[in-house]
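In: make a model of this:
(one chain, ligands or ions: 1)
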Amino acid sequence: MSKEGGGAAMWVAGAGVAAVMMPFVLFIGVSGGEADAGVVGGALNPKHVPPEYLPWVLKAGSLCATITPPVIAAQIEAESAWINYRTSPVGAQGLSQFMPETWAGWGRDDDGNGRIDPFDPGDAIMAQGRYDCALARDVERYKARGIAAGPTLDLALAAYNAGPGAVEKYGGIPPYKETQGYVVAIKSAMAKYTAIADPGGGTVPAGQQMAMPLHGDFPVTSPYGMRVHPVTGVHKLHTGMDFGVPEGRPVLAAKEGTVTFAGWNAAYGNRVIISHGTIGGAQISTTYNHMSALNVATGQQVGVGTVVGLVGSTGYSTGAHLHFEVQQNGQYVNPAPWIGR
Ligand SMILES: [Zn+2]
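Out: Coordinates of the predicted model:
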């Protein structure tokens, strides 16, 4: 697999042969557990997946725990933008942009049409899943031996881009700009391919300006205010409240308003900003950060309790949590009184 080089338009038509798609049962957007949990971390939002590729994305995303359907979909978007006929200037082929030498190791006749072909969507996507899962097992082994540290998915994506040897050598994501950019790009693209169960609705409790941005009561692991930075030792304003919440829990709009931003920020990861208009003479906004998935788009109107995304650990974050902020005329203020804490 390779990056598509930035060269001139050298795409050539591949063997445009229709793959035989096998019917299988779709299991999209299933959320398990109790009603308020809504944990759907690995479920696929099929909206942006071409329907003819959907069964293969689901199947390839079920081969191992780390490589979920949203991972497969985000990689295909990055590799080929879902265009199957591409051959890159360096010779990478098909939806998953396999190089011939890599294809030789991972390609099989998954669609049963008698050919092992990187331009057969089924063959390509399943080979991608097998290769990803092998890389995930490689980095799990490094972690078990103390050679590398970090989330398995991040390390597997780095291994996909730079090779597992580079992850082993550096004990984590290698310090290559391209590789670091690749990990961020995939985790950012995963947000739109992740399904979210949205029961919707909610109310602001009496006597409060805003509702809790989460279902249930989670511990505040770091309050708003000045704190000593754990690495630099410097006093710095912590601009929001951190709630310790497991990955995949729904993040809720604290108040009705308009989404003014929903996307990627290097520091905040997947982030949503909601404007609530003027309250008490001041312009009020809330922000929701480090999410693993986004469920709203810029410009969208939301109500109290609308699911804006899922808890995650994207951006500058060392573990799953929700960093929740309130802005008053553009200045960060303590969210606690706003949510009755
Ligand atoms: Zn925080």
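
In: list the buried residues of stretch 220-230.
Out: By 16 or more other CB atoms under 10 Å, the buried positions in stretch 220-230 come out as Y224. Any C-beta I mention is one placed from the backbone N, CA and C, and that applies to glycine too.

In: need the contact partners of it.
Out: Applying CB atoms under 8 Å, 6 or more residues apart in numbering, the set of residues contacting stretch 220-230 from outside is 234-244, 321, 332-336, 341.

In: quick check: mean pLDDT across that stretch?
Out: Averaged across stretch 220-230, pLDDT comes to 86.

In: I116 and G105 touch, don't they?
Out: No - taking CB atoms under 8 Å as the definition, I116 is not a contact partner of G105, at 11.5 Å.

In: just want to know which of the two has more residues nearby.
Out: Set side by side, I116 and G105 show unequal neighbour counts under other CB atoms under 10 Å, the larger going to I116 at 16 against 11.

In: and that one, what is it in contact with?
Out: Residues touching I116, when contacts are defined by CB under 8 Å, 6+ apart, comprise 107-109, 123.

In: quick one: secondary structure of it?
Out: The three-state label for I116, taken from DSSP: H, G, I helix; E, B strand; the rest coil, comes out as coil.

In: got phi/psi on it?
Out: The main-chain torsion angles of I116 are listed as degrees, to the nearest 10 and equal phi -110, psi 100.

In: buried set for stretch 157-167?
Out: So stretch 157-167, judged by 16+ other CB under 10 Å, has buried residues 157-162, 164, 166-167.

In: that should have said stretch 272-290, apologies.
Out: 272-274, 276, 284-290.

In: so which of those residues sit within strands?
Out: With strands identified by DSSP state E, the entries of those that belong to them are 272-274, 276, 284-290.

In: need the residues you listed in CSV (columns: distance to T298 and pLDDT).
Out: As requested, those are exported to CSV (distance: CB to CB, whole Å; pLDDT from 0 to 100):
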residue, distance to T298, pLDDT
V272, 9, 97
I273, 9, 98
I274, 11, 98
H276, 16, 97
I284, 18, 97
S285, 13, 98
T286, 15, 98
T287, 13, 98
Y288, 14, 98
N289, 16, 98
H290, 18, 96
